[in-house]
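>>> Build me a model:
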Amino acid sequence: MATLSDVARRAGVSPATASRVINGSSKPVTDELRERVLRAVAELQYVPNAHAQLLARPQRTAVGVIVHDVSDSYFAEVTRGLQRVAGAQGRLLMICNSYRDPDRELEYVELLRGQQVAAIILAGSGYHDAAFTRLLNEKLTAYEATGGRVAVIGRHEHSGDAVMPDNRTGGWLLGAELCRLGHRAIGVVAGPEVLTTTTDRLAGLRAALAEHGRDLPERRIRYAEFDRDGGVAATGDLLDAEPGITAIVALNDTMAIGALAALRARSVAVPREVTVTGFDDMPIARDVTPALTTVRLPLVEMGVRAMSLALDAGGPAPRVEVLPAELVRRDSAGPVR
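As a prediction, this is how the structure comes out:
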């Protein structure tokens, strides 16, 4: 692999001159020297050393993003928004999958600090874990003290810029819709209980049911992983324990798809026998059969806003932007039989 010295020697210039041309330095270089250096770069197929450039530049260029799982459609959509802003500003996006492992999340914060990224964005739910939250805040505060920027998506205990999907209102919208349709025996297929996203969505659902004189006993809630297999397992367990339920609220669309699969395996008609609703409005929600009634969150816009906050060092802090939830009615929800 060609080095900077090789380029300088081929162009007949000093390594300092070659570096100024390659790195876009503001120091003047004649057109003739610039052409010689660029021609040498092309001939030698020279690729600059990213680590050396990082040390040489006064401005940090990379942004670190910690997500729970980018293969999850929720985080894939959020990442599209993050990438849109990062790409427009010439930023390198470094994506880290924590797989909902708090220890791994702490490790990634340290690794990203070591890489001297310009900003760290936490794009997954917060945790109901006081010890973890304290450690995370200590690491983020230390990073900010060195000039780094932090933004979060969702409810975290870190005091700083945040983009908040209105999960509680989304849960309330689903509860109100099911009450309008006459449902009383409602079950919930929920994500991990330790996640703030789970508890916020559940709180909104409970509030709507209470307003309509209905309750949601714990025996009708099943917690599982926020994925399709978790939805299948939780739905099967719920149906065995509560055979009289007429509606299932899945707290994300991926779990809802698992719920549909579990009901189909038992020859239970949706929505004639059991209504199913989701949350998030993933692109696939309109394509499953029956199409999924769900809550739409502006996931791409959440990524756009979080990256914009992270890269805007001039605004007052902390800034909190709440993005709205919207009920989307499709075929998977119907009146109680």
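
>>> Would you map the helices across the stretch 1-150 of the chain?
4-11, 15-22, 31-44, 50-56, 73-88, 102-114, 130-145 (DSSP state H, counting those that start in this stretch).

>>> Next, count neighbours for residue 241.
Residue 241 has 12 neighbouring residues, counting by other C-beta atoms under 10 Å. Using the backbone N, CA and C atoms, a C-beta is placed for each residue, glycine as well.

>>> Once you drop chain neighbours, what's closest to it?
Leaving aside its sequence neighbours, residue 241 sits nearest to residue 219 (C-beta to C-beta, 6 or more residues apart in numbering; 6.8 Å).

>>> what separates the one you found from residue 171, distance-wise?
19 Å (C-beta to C-beta, to the nearest Å).

>>> These two: which has the busier surroundings?
Remark: of residue 219 and residue 171, residue 171 carries more neighbours, 27 against 10, as counted by other C-beta under 10 Å.

>>> Tell me the predicted confidence for that one.
Here, the pLDDT recorded for residue 171 equals 98.

>>> again, but for residue 49
63.

>>> before we move on, what about residue 294?
Value for residue 294, per-residue pLDDT: 98.

>>> Repeat that for the one 3 residues further on.
Predicted confidence (pLDDT) at residue 297: the value is 97.

>>> cool, residue 58 as well?
Looking at residue 58, the pLDDT reads 45.

>>> and what of residue 161?
92.

>>> Can you pull the phi and psi angles for it?
phi -70, psi 140 (degrees, to the nearest 10).

>>> who does it bridge with?
Using DSSP bridges, the beta-bridge partners of residue 161 come out as residue 151.

>>> In contact with it: list those residues for me.
For residue 161, the contacting residues are 149, 150, 151, 152, 306, 309, 310, 317, 318, 319, 320, by C-beta atoms under 8 Å, 6 or more residues apart in numbering.

>>> the strands in the chain, which residues?
62-67, 92-97, 119-122, 149-153, 161-165, 186-190, 221-223, 247-250, 275-277, 294-296, 320-323, 326-328 (DSSP state E).

>>> Among those, single out whichever gets nearest to residue 34.
The closest of the strands of the chain to residue 34 is strand 92-97. By C-beta to C-beta, the value is 24.9 Å.

>>> Distance from the closest one to the middle of the chain?
12 Å (C-alpha atoms, centre = their mean, to the nearest Å).

>>> tell me which residues of that strand are tucked away?
The neighbour-count check on strand 92-97 (16 or more other C-beta atoms under 10 Å) flags 92, 93, 94, 95, 96, 97 as buried.

>>> Residue 76 is in contact with the last one, correct?
No. Between residue 97 and residue 76 there is no contact, the gap being 11.5 Å when judged by C-beta atoms under 8 Å.

>>> which neighbours do those two share?
Common neighbours of residue 97 and residue 76 (C-beta under 8 Å, 6+ apart) are residue 70.

>>> is it true that residue 38 touches residue 21?
Yes. Using C-beta under 8 Å, residue 38 is in contact with residue 21, at 6.8 Å.

>>> So for these two, which residue has more residues nearby?
residue 21 (22 against 16).

>>> ok, the more buried one - contacts?
Counted by C-beta under 8 Å, 6+ apart, residue 21 has contacts 29, 33, 34, 37, 38.

>>> Pull the number of nearby residues for the residue lying closest to it once chain neighbours are set aside.
Excluding the flanking residues, the one nearest residue 21 by C-beta to C-beta, 6+ apart is residue 37, at 4.1 Å. Residues contacting residue 37 under the criterion other C-beta under 10 Å number 24.

>>> So residue 37 is in contact with residue 17, correct?
Yes. Residue 37 is within contact range of residue 17, at 7.0 Å (criterion: C-beta under 8 Å).

>>> any common contacting residues for these two?
8, 29.

>>> Relative to residue 206, how far out is residue 237?
20 Å.

>>> Settle it for me: which of the two has more neighbours?
Per other C-beta under 10 Å, whichever of residue 237 and residue 206 has more neighbours is residue 206, with 19 against 15.

>>> residues contacting the more buried one?
Per C-beta under 8 Å, 6+ apart, neighbours of residue 206: 171, 175, 216.

>>> can we see that at 7 Å?
Counting by C-beta atoms under 7 Å, 6 or more residues apart in numbering, residue 206 touches residue 216.

>>> Kindly report the same for residue 38.
residue 21.

>>> what about it, distance to residue 323?
Residue 38 is 45 Å from residue 323, by C-beta to C-beta.
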